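J.: sequence and predicted structure below; questions after.
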Amino acid sequence: MNEPLILAPVLQEKIWGGKKLHDVFGYDLPSDKTGEAWAISAHPNGPSTVENGPYQGMTLAEVWDQHREVFGNAKGEVFPLLTKILDAADDLSVQVHPDDQYGMEHEGELGKTECWYVIDADEGSEIIYGHHAQTKEELEQMILDGKWDALLRRIKVKKGDFFFVPSGTIHAIGGGITILETQQSSDTTYRVYDYDRKDEQGNTRELHVKQSVDVTTVPHVDATPEMNSVKQGDATITTFVKTPFFDVYKWEVNGKADFVATAPYTLISVLDGNGKLIVEAGEYNLTKGTHLILPNDIKKWTIEGKLDIIASNA
């Protein structure tokens, strides 16, 4: 497989979603309440589809299951990563994710460690990241008493910020923020608080207090990666985070840059600009909203143009 797997995203409606995934990235939306584009996904709740080459029309999950050589014969029952773009027109629920052990035992799937690159943010936007409780007992009591202002840590954000969100971290994306999320391939979320919102039928969404207390890291530990940037041709390569689950980078190309594979396969999401990807098999246009995987047989490639790209590998 000597050409990239170009993938079509799956659009997901959410109570907090909006229209930016169309207005900014040009995706066809199912409604004006579209919150997520599952851009590179093999998860059964939204597998993306290959748009080109010999596997055109197959889902990423099918390629993973039937053609593991594409991924360097990587181990694991499931494709390990999931890349999303989120449009938070309104606040997301306050939530927390389990680790792998708890997730497999209670939900039958991986836990979820994730990270966020802030594509854009309205002035004054903020996230919730962590909490102030010192014991599990204090955490549970503050949740039951609804002491949200005392419990939750709020952080102002701006375009270009990056946050690492390990499993066990209480968090929420605030309204007015668009992010690219790199995460483990899991759809398990435990809701701590949802602002007493009601859906169109007048129902509040289910909360998961016991599970949230079970999996939350107490006391909160800030996970601040040491980011570094290097020049590579006409590109600036920023390493955001390297973890047992994923490594995540930003490639800012302004001209031409050559790359050499450092992993069996690489996930690429174009956040802005125009250009082209050059591999031995040919040239491929790169535009805002393009998502692809470079398979194991592509050991080197060139990117030309003016582009902002988030890349990751497992």
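T.: Here it is on my side, so go on.
J.: ok, now how distant is the closest residue to Lys19 other than its chain neighbours from Glu13?
T.: Nearest residue to Lys19, sequence neighbours excluded (CB to CB, 6 or more residues apart in numbering): Asp32, at 5.3 Å. Using the backbone N, CA and C atoms, a C-beta is placed for each residue, glycine as well. Distance, Asp32 to Glu13, by CB to CB, to the nearest Å: 9 Å.
J.: now for stretch 92-107, what's the gap between its first and last residues?
T.: The first residue of stretch 92-107 is 22 Å away from its last residue (CA to CA, to the nearest Å).
J.: also stretch 145-153?
T.: End-to-end distance for stretch 145-153, by CA to CA: 17 Å.
J.: residues of it that come out buried?
T.: 151-152 (16 or more other CB atoms under 10 Å).
J.: quick one: that stretch to chain centroid distance?
T.: 26 Å (CA atoms, centre = their mean, to the nearest Å).
J.: can you check stretch 4-13 too?
T.: Mean-position distance between stretch 4-13 and its chain equals 13 Å (CA atoms, centre = their mean).
J.: and for stretch 260-278?
T.: 16 Å.
J.: ok, the residue nearest to Lys19 to Tyr195 distance?
T.: Applying CB to CB to Asp32 and Tyr195 gives a distance of 20 Å.
J.: which of the two has more neighbours?
T.: Tyr195 (14 against 11; other CB atoms under 10 Å).
J.: so that one touches Ile128, yeah?
T.: No - counting by CB atoms under 8 Å, Tyr195 sits too far from Ile128 to count as a contact (11.4 Å).
J.: SS state for the residue nearest the centre of the chain?
T.: Computing the C-alpha centroid of the chain and ranking residues by CA atoms, centre = their mean puts Glu181 first, at 2.0 Å. Assigned by DSSP: H, G, I helix; E, B strand; the rest coil, the conformation of Glu181 is strand.
J.: so what's it up against?
T.: Shown in contact with Glu181 (CB atoms under 8 Å, 6 or more residues apart in numbering): 83-86, 114-117.
J.: in the sheet, who's paired with the residue nearest to it when sequence neighbours are not counted?
T.: Spatially, and ignoring its direct neighbours in sequence, Glu181 is nearest to Lys84 (4.5 Å; CB to CB, 6+ apart). Beta-bridge partners recorded for Lys84 (DSSP bridges): Trp38, Glu181.
J.: kindly report the same for the one 4 residues further on.
T.: Taking DSSP bridges, one obtains Ile177 as the residues bridged to Ala88.
J.: give me the number of residues near it?
T.: Neighbours of Ala88 (other CB under 10 Å): 25.
J.: surely it touches Gly174?
T.: Yes - with contact defined as CB under 8 Å, Ala88 counts as touching Gly174 (6.6 Å).
J.: tell me how far the residue in the chain sticking out farthest from the centre lies from Tyr193.
T.: No residue in the chain sits farther from the centre than Asp145, which is 31.9 Å out by CA atoms, centre = their mean. Relative to Tyr193, Asp145 is positioned 12 Å away (CB to CB).
J.: where does the protein dip in pLDDT?
T.: Judged against pLDDT under 70, the chain has no low-scoring part.
J.: longest helix of it?
T.: helix 136-145 (DSSP state H).
J.: doesn't Ala133 make contact with Phe150?
T.: Phe isn't right for residue 150; it's Ala. No - counting by CB under 8 Å, Ala150 does not reach Ala133; the two are 9.2 Å apart.
J.: need the overlap of contacts for these two.
T.: Taking CB under 8 Å, 6+ apart as the contact rule, Ala150 and Ala133 both touch Met142.
J.: any idea where the strands of the stretch 51-200 of the chain begin and end?
T.: Using DSSP state E, counting those that start in this stretch, the strands found in the stretch 51-200 of the chain span residues 81-88, 94-96, 114-121, 126-131, 152-156, 162-165, 171-173, 177-184, 190-193.
J.: among those strands, which is nearest Asn274?
T.: Set against Asn274 and scored by CB to CB, the strands of the stretch 51-200 of the chain come closest in strand 114-121, at 16.7 Å.
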